[in-house]
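Q: Build me a model:
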Amino acid sequence: MIKYKQAKLKNGLTILVNRDKASKLAAVNILYMVGARNEAPDKTGFAHLFEHLMFRGTESVPDFDMPIQMACGENNAFTNNDYTNFYITLPKENLSTALWLESDRMRNLNLSYDACETEKMVVIDEFKQRYLNQPYGDESMLLRGLCYKVHPYRWSTIGISPEHIERATLEDVHNFYNLHYRPSRAILSISADVDEDEMIRMATEYFADIEDCGGDIAPIPAEPEQLEPRRLEVEREVPATDITIAFHMGDRLSREFFLGDLCSDLLAGGESSRLVNHLIKERGLFSAVNAYITGSLDAGLFIVKGRLMPNTTEEEAETALWAELEEMKRGNISDYELEKVKNKFEANMLMGEINVMNKAMNLGFYAMTGRMELINEEANIYRSLTRCEVAEFAHKVFTVNNSSTLIYRAK
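A: I've put the predicted structure just below:
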């Protein structure tokens, strides 16, 4: 169980602190509630661009990494469709260094023309190398566009096209920063062997004077229900054909999320899972298989996919994937399978509570969802899931009319 104390400053910043008496390190995590879902369709990739820009330094600290290295710390960040996350680990004695750096770049970031142009080129090069010039690079982008027609989940974190970042003006960049990088859009979480009230006092000292400027956040359009099957077939210069089938399912706070997570692990959670045993080891239809959920804040996707062996036909492979999904609908799940997957979830959660960085990240994430109590309740939710519920989930989700199939064919 993760114990924590919570506070909220007048400027809107949420603060969560956890005292970890077993660690000599402090973890400082700051989550900004901005991801690709908050971008305009003609200006995508900005959240990812700012992940880079946030390391450009400020007038006070031209080199963001140097003070962290001098404090014997490490830092990094990541962006997804729902939020952007920055984190620092360093000796607990140097906690104030991390708070100083994060508070400084929250409002004083170097957004000069030269800084922006440099990072724009970095992001454009990343787009080309990872998504346009790499085998299977655009596969996930094609799948998003097939599954979503209205919701901004239809584009990936990198954006729709590198042209969106290329034509971004300095005014566009400043507007995005002012709207999203401010106290009321941020959650600061700390885990360290420091008194909880002292951590809150320190955070308040560094962040309380930051003005919360910016405007209203645009509402995110809801994705309409899918009423008929979708299909996309493309040819690419890749060594083998991929088949991916995606289904719409519930959001991160729904019971469907936990059922989908459990179901995906039953299908592809390790070398003894169903898809691996049946479709690779026994039948030799695929060289690789997977099943997973996107776990997004808004309604997400359940995805099952496989990479075909040279002698496997597309029809044969697609039929085999659907047959495994039909087995889930029938509820043919052994007690052993169910218990094994639940034990795995519980073990992962317990391991996550050992590391101060994981605890700080989890505090920020669950605060963002608005269901803070889930940080200590999810293991019990997984434990409560039944075989019948998994079958009901499969019946509801794994339907032809709710399916989007991508055939990523080797030329």
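Q: What is the subsequent helix or strand relative to the helix or strand of the chain at the bottom of the mean pLDDT ranking?
A: Among the helical and strand segments of the chain, the one scoring lowest on mean pLDDT, DSSP states H and E is helix 335-352, with a mean of 89. Beyond helix 335-352 in the direction of the C-terminus, DSSP states H and E gives the next helix or strand as helix 356-369.
Q: If you count neighbours, what's buried in that following helix?
A: Of the residues in helix 356-369, those with enough neighbours to count as buried (16 or more other CB atoms under 10 Å) are 356-368. Where C-beta positions appear, they are placed from N, C-alpha and C, glycine not excepted.
Q: quick one: the residue nearest to residue 284 when sequence neighbours are not counted and residue 285, what's the gap?
A: If you skip the residues right next to it in sequence, residue 284 has residue 309 as its closest partner in space, 6.1 Å away by CB to CB, 6 or more residues apart in numbering. Separation of residue 309 from residue 285 (CB to CB, to the nearest Å) stands at 6 Å.
Q: same thing with residue 81?
A: Taken as CB to CB, the spacing of residue 81 relative to residue 285 amounts to 32 Å.
Q: same thing with residue 231?
A: In this structure, residue 231 lies at 20 Å from residue 285, with CB to CB as the measure.
Q: Which one's more surrounded, these two?
A: When neighbours are counted by other CB atoms under 10 Å, residue 231 and residue 285 differ, and residue 285 comes out ahead with 21 against 11.
Q: Pull the contacting residues for the more buried one.
A: The contact partners of residue 285, taken as CB atoms under 8 Å, 6 or more residues apart in numbering, are 279, 306, 308-309, 312, 316-317, 320.
Q: Most neighbours out of those residues, which is it?
A: Neighbour counts for these were taken using other CB under 10 Å; the highest belongs to residue 306, with 28 neighbours.
Q: Confirm that residue sits in a strand?
A: Yes. When classified by DSSP: H, G, I helix; E, B strand; the rest coil, residue 306 is found to be part of a strand.
Q: what's the burial count for the residue lying closest to it once chain neighbours are set aside?
A: Counting by CB to CB, 6+ apart, residue 306 lies nearest to residue 286, which is 4.0 Å off, once chain neighbours are set aside. The criterion is other CB under 10 Å. On that basis, residue 286 has 24 neighbouring residues.
Q: Angles on the backbone of residue 286, please.
A: The main-chain torsion angles of residue 286 are listed as degrees, to the nearest 10 and equal phi -130, psi 150.
Q: Please name the nearest non-neighbouring residue to residue 300.
A: What sits nearest to residue 300 in space, not counting adjacent residues and going by CB to CB, 6+ apart, is residue 294, at 4.0 Å.
Q: for the one you found, what are its contacts?
A: For residue 294, the contact set (CB under 8 Å, 6+ apart) comprises 153, 300-301, 303.
Q: Redo those as a markdown table? Include secondary structure, distance to residue 327 and pLDDT.
A: As requested, the contacts of residue 294 are arranged in a markdown table below (DSSP: H, G, I helix; E, B strand; the rest coil; distance: CB to CB, whole Å; pLDDT from 0 to 100):
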| residue | secondary structure | distance to residue 327 | pLDDT |
| --- | --- | --- | --- |
| 153 | helix | 29 | 98 |
| 300 | coil | 23 | 97 |
| 301 | strand | 20 | 98 |
| 303 | strand | 18 | 98 |
